[in-house]
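1. Here is my input; please provide its structure:
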Amino acid sequence: MKLRDKVAVVTGGASGMGEATAQLFTKEGATVAIGDIDFEKATAVASRIHHSGHNARAFRVDVANEQEVQSFVAAVVEAFNRIDILVNCVGVGAFRAFEETSLEQWRRSIDINLTGVFLCCKEVAKTMISQKRGKIVNIASTIGLCGAPYLVPATAAKHGVVGLTKALAVEWGKYNIHVNCICPGATLTPPFLSLGPKYRADRTRRVPLGRIGEPMEQANAALFLACSDSDYITGSIICVDGGVFAMAPGTSESALQGKL
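-> Purely as a prediction, here's the structure:
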């Protein structure tokens with residue numbers, strides 16, 4: 001029960017890593033506010049959590065809309081009196097040649113992947129600052145640490161999330177607010193599973209641990225950063241990617257298999 005009696009906000013909690021995080025946090029004793037633009041799916045997740053004997057409530061929110069974020073955070077505070085943890089888990093991405101990317105597509109990626117994190121951090125911090133404590137976990141991506149072809153808008157946005165995390169950790173340390181970032185590698189979420197079998201197989205062969213990550217493995221990292229075990233960690237970026245980012249550039253698949 002690492003999060004006993006804590007109140008956690010998880011955006012993007014209707015599926016994938018966000019859903020896994022909401023489930024894990026409630027099992028560890030937290031009450032979780034699940035924020036998602038898909039209210040129907042968020043409600044279904046909250047219902048499953050209730051049926052398992054834990055506490056969660058669904059809220060509809062478009063994280064790219066400032067007024068909706070303000071209303072969402074205010075509703076959570078009204079319902080639960082405080083916010084101890086924020087996990088920003090909303091993310092979008094689409095494979096597309098950069099020269100074919102429209103301004104509208106660029107703005108959508110920045111608005112959801114980066115501005116949404118900014119807005120949620122800003123609103124939740126008002127409560128955390130008054131409490132003089134809080135844990136914020138931003139979910140970025142390994143493409144926030146390197147360049148990804150055909151994912152330029154998402155790459156730029158995720159780099160922004162990494163930078164935002166570091167800056168807020170420094171600025172809000174005086175309030176005892178910890179701000180950290182997880183950079184997941186390929187994970188078995190709906191977007192990854194929607195990709196072609198050849199692409200999925202190619203990605204798997206490039207992972208030193210030899211498999212694609214599970215959503216709950218990302219949630220476990222979020223739990224560590226959200227609980228007291230990480231009370232002297234802030235501004236850190238943790239790759240949860242099976243060792244991909246540790247690998248030397250140009251490492252061949254045969255080298256990974258020891259066939260030199």
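
2. okay, now the residue nearest to residue 11 when sequence neighbours are not counted: neighbour count?
-> Nearest residue to residue 11, sequence neighbours excluded (C-beta to C-beta, 6 or more residues apart in numbering): residue 35, at 4.4 Å. Quick note: C-beta positions are derived from backbone N, CA and C, even for glycine. Counted with other C-beta atoms under 10 Å, the neighbours of residue 35 add up to 34.

3. which stretches of the protein have low pLDDT?
-> 260 (pLDDT under 70).

4. Tell me where the protein has helices.
-> With helices called from DSSP state H, the chain shows them at 16-27, 39-51, 66-80, 103-110, 116-131, 152-172, 190-193, 197-205, 215-226, 253-256.

5. winner for burial among those?
-> When the helices of the chain are scored by mean count of other C-beta atoms under 10 Å, the highest mean neighbour count falls to helix 16-27 (a mean of 26).

6. Pull the distance from that one to the chain's centre.
-> Centre-to-centre, helix 16-27 and its host chain are 11 Å apart (C-alpha atoms, centre = their mean, to the nearest Å).

7. ok, residues contacting it?
-> Helix 16-27 is contacted from outside by 3, 6, 8, 10-13, 32, 34, 36, 45-46, 48-49, 52, 54-56, 85, 87, 89-90, 139, 184, 187, 189-191, 214-216, 218-220, 222-223, 226, using C-beta atoms under 8 Å, 6 or more residues apart in numbering.

8. what's the answer for stretch 105-118, then?
-> With C-beta under 8 Å, 6+ apart, stretch 105-118 has contacts from 11, 63-64, 69, 88, 90-94, 96, 138, 153-154, 156-158, 160-161, 164.

9. Check the offset of it from the chain's centre.
-> Using C-alpha atoms, centre = their mean, the offset of stretch 105-118 from its chain centre is 14 Å.

10. cool, stretch 107-120 as well?
-> 12 Å.

11. Send me it as CSV with only the CA atoms.
-> Extracted in CSV, the C-alpha atoms of stretch 107-120 (Å, rounded to 0.1, in the frame of the first residue of the first chain):
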residue,chain,number,x,y,z
ARG,A,107,-0.3,22.0,-33.8
ARG,A,108,-2.4,19.0,-32.7
SER,A,109,0.7,17.1,-31.7
ILE,A,110,2.2,20.0,-29.8
ASP,A,111,-1.1,20.8,-28.2
ILE,A,112,-1.8,17.3,-26.9
ASN,A,113,1.7,16.0,-26.2
LEU,A,114,3.3,19.2,-24.7
THR,A,115,0.8,21.9,-24.0
GLY,A,116,-1.5,19.4,-22.3
VAL,A,117,1.3,18.5,-19.9
PHE,A,118,2.0,22.3,-19.3
LEU,A,119,-1.7,23.0,-18.6
CYS,A,120,-2.2,20.0,-16.2
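
12. ok, residue 11 - contacts?
-> 18, 35-36, 61, 63, 86-90, 116, 120.

13. what separates it from residue 38, distance-wise?
-> Separation of residue 11 from residue 38 (C-beta to C-beta, to the nearest Å): 12 Å.

14. do residue 235 as well
-> 32 Å.

15. just residue 70 next, same as before
-> In terms of C-beta to C-beta, residue 70 sits 20 Å off from residue 38.

16. by contact count, what packs against the longest strand along the chain?
-> With secondary structure taken from DSSP state E, the chain has its longest strand at strand 177-184. Counting contacts by 3 or more C-beta pairs under 8 Å, 6 or more residues apart in numbering; DSSP states H and E, strand 177-184 packs against helix 116-131, strand 134-139, helix 152-172, helix 215-226, strand 237-240.

17. Just put those in a markdown table and tack on distance to residue 24.
-> What follows is those, written out as a markdown table (distance: least, C-beta to C-beta, whole Å):
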| stretch | distance to residue 24 |
| --- | --- |
| helix 116-131 | 20 |
| strand 134-139 | 12 |
| helix 152-172 | 21 |
| helix 215-226 | 4 |
| strand 237-240 | 14 |
